[in-house]
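Chemist: Build me a model:
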Amino acid sequence: QVQLVESGGGLVQAGGSLRLSCAASGRTFSSYCMGWFRQSPGKDREFVAAINWSGGRTSYADSVKGRFTISRVNAKNTVYLQMNNLKPEDTAVYYCAADFTILVVTTLDQYDYWGQGTQVTVSS
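Modeler: The predicted structure is shown next:
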């Protein structure tokens, strides 16, 4: 079992920045691909970014490329999502997820463990 707890969400003006954190406990953190997803009211949960076990490979949704950066510190069992130049359309609940694989996973259904989510609201 893996427990995931997100933090760092909040209210920010358009153009601002936030850094989300996801702290993991349970099985060996470095064995997992970690991903960030988001869900807005009335919309499906969508992929944002993912990072492989070593941090050497990443993947991003087109909508966030160049603005968001995913990273991890295995010694701290933590994955981060640095979000810059935020836009109102980035407003959503952001979820951290873990998948026991060496690959970079972008599909929601493959992830085994999920956090409870953290709200990000971007005002115009």
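Chemist: going forward, measure contacts between C-alpha atoms and count neighbours the same way
Modeler: Fine.
Chemist: Skipping its backbone neighbours, what lies nearest the residue nearest in space to the middle of the chain in space?
Modeler: By CA atoms, centre = their mean, the chain has its centre lying nearest to Trp36, at 2.3 Å. Spatial nearest neighbour of Trp36, excluding adjacent residues (CA to CA, 6 or more residues apart in numbering): Cys96 at 4.7 Å.
Chemist: Show me what the strand or helix carrying the one you found is packed up against.
Modeler: According to DSSP states H and E, Cys96 maps onto strand 92-99. Applying 3 or more CA pairs under 8 Å, 6 or more residues apart in numbering; DSSP states H and E, one finds that strand 92-99 contacts strand 2-7, strand 33-39, strand 113-114, strand 118-123.
Chemist: C-alpha coordinates for that strand, PDB please?
Modeler: C-alpha atoms of strand 92-99 as PDB (Å, rounded to 0.1, in the frame of the first residue of the first chain):
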ATOM      1  CA  ALA A  92      -9.000  22.400 -10.700                       C
ATOM      2  CA  VAL A  93      -8.400  19.900  -8.000                       C
ATOM      3  CA  TYR A  94      -5.000  18.400  -8.500                       C
ATOM      4  CA  TYR A  95      -4.300  14.800  -7.600                       C
ATOM      5  CA  CYS A  96      -1.100  12.900  -7.100                       C
ATOM      6  CA  ALA A  97      -0.900   9.300  -8.200                       C
ATOM      7  CA  ALA A  98       1.500   6.400  -8.100                       C
ATOM      8  CA  ASP A  99       2.000   3.400 -10.400                       C
END
